[in-house]
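Colleague: Got a predicted model here, sequence first, then my questions.
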Amino acid sequence: MGIDFNLVADLKSHGVHVTSFESLVNWGRASSLWPLQFGLACCAIEMIAATMARYDMARFGAEVFRPSPRQADLMIVAGTVTKKMAPQVVRLYNQMAEPKYVIAMGACAISGGPFKDGYNVLKGIDRFIPVDVVIPGCPPRPEALLDGLLTLRAIIAREKLLGKHRARHADPNGTAAFPVPEFGAHDLEPTANREIWNPPAIVRESEGGTQA
Amino acid sequence: MISDPATSLTSAVLAPGADDDQLLHVSLGPQHPSTHGVFRMNVVLDGETVVRLKPVFGYLHRNHEKIAEGTSYLASMPYTDRLDYICPLSNNWAYAQAVEKLAGIEVPERAEFIRVILGELTRLINHSAFAGFILGDMGAWGSALMYAFREREKILDIFEELTGARMMANFMRFGGCRNDLPEGWSAKVSRLVDDYGPFLDEMEKFLVGNEILLSRTLNVGSLPREVLINGGITGPMLRAAGVPYDIRKVDPYGIYERFDFRIPLGATGDCYDRIMIRFLEMRESLKILRQALDHLPDGPIIHPKAKIRNFIEGPKGELGFHLISDGTTRPYRYRIRPPSFINLTLIEDMCLGLDLADVVIILGSIDIVLGEVDR
Amino acid sequence: MSVATVTLHERLRAALPNAGISLRTNPGPSGQHSLLVDAADLPDVCRFLRDTPDLTFDFLSNVSGVDWPDPAKADAVAAPAAGEGSAPPTGGFLEVIYHLYSTRRRIGPLVLRARTIDRATRVQIPSVVAVFRSAEFQEREIFDLYGVEFTGHPDLRRILMWDEFVDHPMRKDYVAPDDYEYEPTPHAAVLEKAQRHYVQP
Amino acid sequence: MNTQSSSTTKPPPPPAKWSVPGIGLLKGMVVTAKNMIQSYYRKERMTTVQYPEERVPISPNFRNFPFLCYDGEDPKAGLRCTACTICETECPPQCIYIVIERDENGKSLKRPKVFDIDVSVCMNCGICAEVCPFDSIYMDGEYELSTQDRFNGLLFHLDRLSKPADYHLKLRPVEAGEVAVRRKAEVDKKRAVQAAKEAKAQTDKDKATPEPITKGEPA
């Protein structure tokens, strides 16, 4: 758009802040993420630790944990998502108001983690809802959660409000709600939302040469 | 008066001819603002009064037992950390002891002392966090938990230095412990033990006389002793009702018979007693820690080298592992006796006839961790 | 605080002559012997153990389910005592193991076992909830995960899995649902399961 | 508290009557106020760590994800890993995948062709490092790994996993120092054995002793 950054810096030194409307909106959003108060398992304890005095998530404007999904911007999926819990997680996500973001904290939320071979464990919440940031670890340290939060803030700061590459929530045709899976006789039905769950095909290099 | 302790109180409260249309059905959970994980209760209310309460489990059922039956004995050790994830080291201990009994392995003395120190530090973490969480349930979200976690971080730093992880220690091995104490570690624990007493004084001053706390907890959720025993309640819950049953005294595992400590007992078993019991237990834990640190011997930390069940007195109650071996490298049956799960048996009886707000306090006073309830 | 299971066995046989109770020994270093009780007599035996003044086994700590598709294995783990026939039913059975303690006498565990007739339809065992409340959720769990039907249980529903679920996942022959679509590090059992999802060249 | 009289102790009874309503509350508030005021000047109350700018000192024992250690400069030639697959078998959540590099005869070249660790599954238990007999796999202390890329961003390949021995020394001086001493002793012993063999070959000129195969050992 042709912003003269030197001029911006010069004005700033005189106490005048010039910015684009988009940056202002993104700055506001990134600086006051209200997480949903929602802990699933072990990682939730480290999430609580991150909000406590030593790590103090309040420094990033994210200390206001809201018990109601209607008031929250950020869902931190902290812990193992079981198949019995998955429909509730999706429903909570659907109830959140746009713009909304998801952090998958810890191995279990990303991929099922150590429990992925369990019959009641969902292998990653990204099978049903879109995940913005993943934080590996079992459980990640509180600093790692803060690092994930900073990554998310950087993502929000880059978001486009208009144009072809605009963010999902700025798009009037964007999806805000995803289908909630049903309990089936053996497994969830469907087992994943194929529209958002597209794992890459694994090409294996075997001992004898490249083999699919 | 209850003639048979196994009688459920459920039918006694719902008045005959009560109009079912007038009752309000509320589903509390699985997502809810208190900090006990994904636990759900289906509550039926008559006005504000609870007339029926059915807990719903399984939202964190992650198949630990099934996974353990398909893997080696050692590979289950890091999974036990994730059972009761507030106190991983006591789970480690219980599992290591069960396998040691199963295979007849001896544990060196120094390792036993290290285990006692870690087990009691874990109890400190659990009970302090408990005090914070239950205050949060009463609406005082913040200060108490903040103080508890401040102390918890100090213990976690000590754990990290020894075991390499803040929470998921994976430290105990069959026949001992994984590595020896780093230099200066016991001095750090010693300093922590010295500082913990003043912290408990501060916490008690903060809580004990508080009128809101008293009115929310006194005479809430108590049941007769016989009913509690019959319902399988263990741990501080049972001792708060005045039953002197602590495995550290009843069947001293490890080297607990060498330590001089007492078992705090409550009088009525209401929520107030349950909170105070935990404070007194922390004081006893400090005594054990002090003795263990003073007498920590030198020596090796790991021993070179069909069916059994073994219990330890975990911070939440009786934690047991029931292992059946068929002689292969994998356990044939691996069953956990989860104290949190069985302590929930009588939650309906405790809550009947009380207000909905009391349900949250009673749940808090049971001190559950969902990783253990659902496994 | 171990229990003299052998003397207790004789005492029970004298007191309850009609109940089928046999002693099972544990060959391992732990030496925790057990009593195999006929399923139908289980509540009576429990009530006797709880209410007899000098026994007072007032605390049922643990109820475990075990699946034995191979009955010979069950006898290897809990061997029948001398003079008692094993008579294993063909085709396997389900077993429920109870661990009783006495908080008053501070002894335990007394291990009781009860077996179903087979693994398919005759899987009934009388519930002991009327004697020990602590069995309530544990029996529901065994019903859920193993499929043992506890007759007389006040509220026998699935507890950990959802109500629509039909399998009993802790049984040895349970086949987990197939969701091995993305397995970047498969080997051993996982590799076998994941192989069908690999794109064939 | 008298500890000798009995094995049990009673909790203090709750205050029978609330003498002045609200006095207990006020006492609690004094504690809170004390904490707040002291958090401005007392060091042990100033607990907050200003995370991105300053960090909690990480203990040398801290473990997060595994890495592979190599000696010397070249990560490929100096890799200690011999692709024995012990870690792959022992890993509780099965997050390690190894393909052994083989020559045309199918004989193992004792190095991995593929070594992948799926950190989206890894449970930081450290069992791989514990069982490794070749001092090759260790646990890293790095924890700032949050990413948007759930698939490729969390599947660590050999190039990402390989880290020099100096890194290990910096991370855990005690452990790495012991390992270095032990490895040097082993290398010296091997050299001595080899020298003895060569000396024997020199004296025994009729028979040509086959050269012992040496891997890329460090100098």
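Modeller: Perfect, I can see it now. Because the structure is a prediction, the values reported are computed rather than measured.

Colleague: Nearest spatial neighbour of A:Asp117, chain-adjacent residues omitted?
Modeller: B:Ile67 (5.9 Å; CB to CB, 6 or more residues apart in numbering or on different chains). Where you see a C-beta, it was placed from the backbone N, CA and C, and this is true even at glycine.

Colleague: max-length strand in chain D?
Modeller: Looking across chain D with DSSP state E, the single longest strand is strand D:108-118.

Colleague: Can you name the next helix or strand after that strand?
Modeller: Downstream of strand D:108-118, the next assigned helix or strand under DSSP states H and E is helix D:127-131.

Colleague: hang on, isn't B:Pro224 packed against B:Pro5?
Modeller: Yes: proximity of B:Pro224 to B:Pro5 meets the contact threshold set by CB atoms under 8 Å, at 7.4 Å.

Colleague: Find the centremost residue of chain D, please.
Modeller: Centroid-nearest residue in chain D: D:Met139, 1.8 Å away (criterion: CA atoms, centre = their mean).

Colleague: For the closest residue in space to it that isn't next to it in sequence, identify the helix or strand it belongs to.
Modeller: Spatial nearest neighbour of D:Met139, chain neighbours left out: D:Arg63 (3.3 Å); criterion: CB to CB, 6+ apart. D:Arg63 belongs to no helix or strand when assigned by DSSP H and E.

Colleague: tally of neighbours for D:Arg63?
Modeller: When counting by other CB atoms under 10 Å in any protein chain shown, one arrives at 21 neighbours for D:Arg63.

Colleague: for D:Gln50, same thing?
Modeller: Neighbour tally, D:Gln50, other CB under 10 Å: 10.

Colleague: Got phi/psi on it?
Modeller: Dihedral pair for D:Gln50: phi -80, psi 80, per degrees, to the nearest 10.

Colleague: Shouldn't C:Leu112 be within a helix?
Modeller: No: looking at C:Leu112 with DSSP: H, G, I helix; E, B strand; the rest coil, it is strand, so not inside a helix.

Colleague: Next one: it relative to A:Arg70, how far apart?
Modeller: Here C:Leu112 is placed at a distance of 52 Å from A:Arg70 (CB to CB, to the nearest Å).

Colleague: Who has more neighbours out of the two?
Modeller: C:Leu112 (23 against 9).

Colleague: who in the stretch 101-250 of chain B is up against chain C?
Modeller: Proximity of the stretch 101-250 of chain B to chain C (CB under 8 Å from any CB of the partner chain) is limited to residues B:101-104, B:226-227, B:229-234, B:243, B:245, B:250.

Colleague: Show me what the spatially most central residue of chain C bridges to in the sheet.
Modeller: Nearest to the geometric centre of chain C sits C:Val96, at 1.7 Å (CA atoms, centre = their mean). Residues in a beta bridge with C:Val96, per DSSP bridges, are C:Gly65, C:Ala114.

Colleague: and the gap between it and C:Leu8?
Modeller: 19 Å.

Colleague: Kindly report the same for B:Tyr272.
Modeller: 40 Å.

Colleague: Also A:Leu149?
Modeller: On the measure of CB to CB, A:Leu149 and C:Leu8 end up 60 Å apart.

Colleague: Looking at those two, which has the bigger crowd around it?
Modeller: Neighbour count, other CB under 10 Å: between A:Leu149 and C:Leu8, A:Leu149 has more, with 26 against 18.

Colleague: tell me the pLDDT at the residue lying closest to B:Val193 once chain neighbours are set aside?
Modeller: If the residues on either side of it in the chain are set aside, B:Val193 comes closest to B:Leu289, at 4.9 Å by CB to CB, 6+ apart. pLDDT for B:Leu289: 90.

Colleague: Show me how the record splits chain C into domains.
Modeller: Per the record, chain C has its domains at C:5-168, C:171-201, by automatic domain parsing.

Colleague: Report pLDDT for the residue in the stretch 201-350 of chain B that chain D sits nearest to.
Modeller: With CB to the nearest CB as the measure, B:Gly209 is the residue of the stretch 201-350 of chain B nearest to chain D, at 3.0 Å. pLDDT for B:Gly209: 79.

Colleague: so where's chain B uncertain?
Modeller: For chain B, applying pLDDT under 70 flags the ranges B:1-3, B:8-20, B:33-35, B:303-316.

Colleague: Show me what from it comes close to chain A.
Modeller: Counting by CB under 8 Å from any CB, chain B sits next to chain A at B:30-33, B:35, B:37-38, B:58-64, B:66-67, B:70, B:78-79, B:82, B:85-86, B:145-146, B:149-150, B:152-153, B:166-168, B:370-371, B:374.

Colleague: same question, chain C
Modeller: So chain C meets chain A at C:160-167, C:169, C:174, C:176-177, C:179, C:181-184, C:190, C:198-201 (CB under 8 Å from any CB).

Colleague: Please list which of those residues are also close to chain B.
Modeller: Of those, the ones that also sit near chain B (CB under 8 Å from any CB) are C:160-162, C:169.

Colleague: Any stretches of chain A with poor pLDDT?
Modeller: In chain A, residues with pLDDT under 70: A:1-3, A:204-212.

Colleague: what about the strands in it?
Modeller: Using DSSP E, strands in chain A cover A:74-78, A:101-105, A:133-135, A:182-183, A:188-189, A:204-206, A:209-211.

Colleague: Pick the most deeply packed of these.
Modeller: strand A:133-135 (a mean of 29; mean count of other CB atoms under 10 Å in any protein chain shown).

Colleague: Is that one in proximity to chain D?
Modeller: Yes: where contact is defined by CB under 8 Å from any CB, part of strand A:133-135 touches chain D, namely A:133-135.

Colleague: Any chance you could list what contacts the helix or strand hosting B:Thr80?
Modeller: Using DSSP H and E, B:Thr80 maps to helix B:77-81. With contacts defined as CB atoms under 8 Å, 6 or more residues apart in numbering or on different chains, helix B:77-81 is touched by A:114, B:64, B:67-68, B:88, B:91-92, B:94-96, B:167-170, B:172-173, D:92, D:123, D:125, D:127.

Colleague: Give me the buried positions along the following helix or strand past it.
Modeller: Using DSSP H and E, the helix or strand that follows helix B:77-81 towards the C-terminus is helix B:88-103. For helix B:88-103, the neighbour count (16 or more other CB atoms under 10 Å in any protein chain shown) marks B:88-103 as buried.

Colleague: Go through those residues and name the one nearest chain C.
Modeller: Nearest member of these to chain C, counting by CB to the nearest CB, is B:Lys101, at 5.0 Å.

Colleague: So what's the residue count around residue 144?
Modeller: You didn't pick a chain, so chain A it is. The number of residues near A:Ala144, taken as other CB under 10 Å, comes to 23.

Colleague: sorry, should have said chain B
Modeller: 25.

Colleague: ok, it - contacts?
Modeller: B:131-132, B:135-136, B:203, B:206-207.

Colleague: What count of nearby residues applies to the residue nearest to D:Arg111 when sequence neighbours are not counted?
Modeller: Distance criterion CB to CB, 6+ apart; nearest residue to D:Arg111, sequence neighbours excluded, is D:Glu101 at 5.1 Å. Neighbourhood size, D:Glu101 [other CB under 10 Å]: 14.

Colleague: wait, does the lengthiest helix in chain A make contact with chain B?
Modeller: Counting by DSSP state H, the longest helix found in chain A is helix A:142-157. No: using CB under 8 Å from any CB, helix A:142-157 never reaches chain B; the gap is at least 8.6 Å.

Colleague: Let me know the angle separating that helix from strand A:74-78.
Modeller: Relative orientation of helix A:142-157 with respect to strand A:74-78: 150 degrees, computed using axes from the mean of the first three to the mean of the last three CA atoms, to 10 degrees.

Colleague: residues of helix A:142-157 that come out buried?
Modeller: So, applying 16+ other CB under 10 Å, buried residues of helix A:142-157: A:142-153, A:155-156.

Colleague: Report how many residues lie close to B:Cys351.
Modeller: B:Cys351: 26 neighbours (other CB under 10 Å).

Colleague: list the contacts for it?
Modeller: B:43, B:50, B:53, B:221, B:358-359, B:362.
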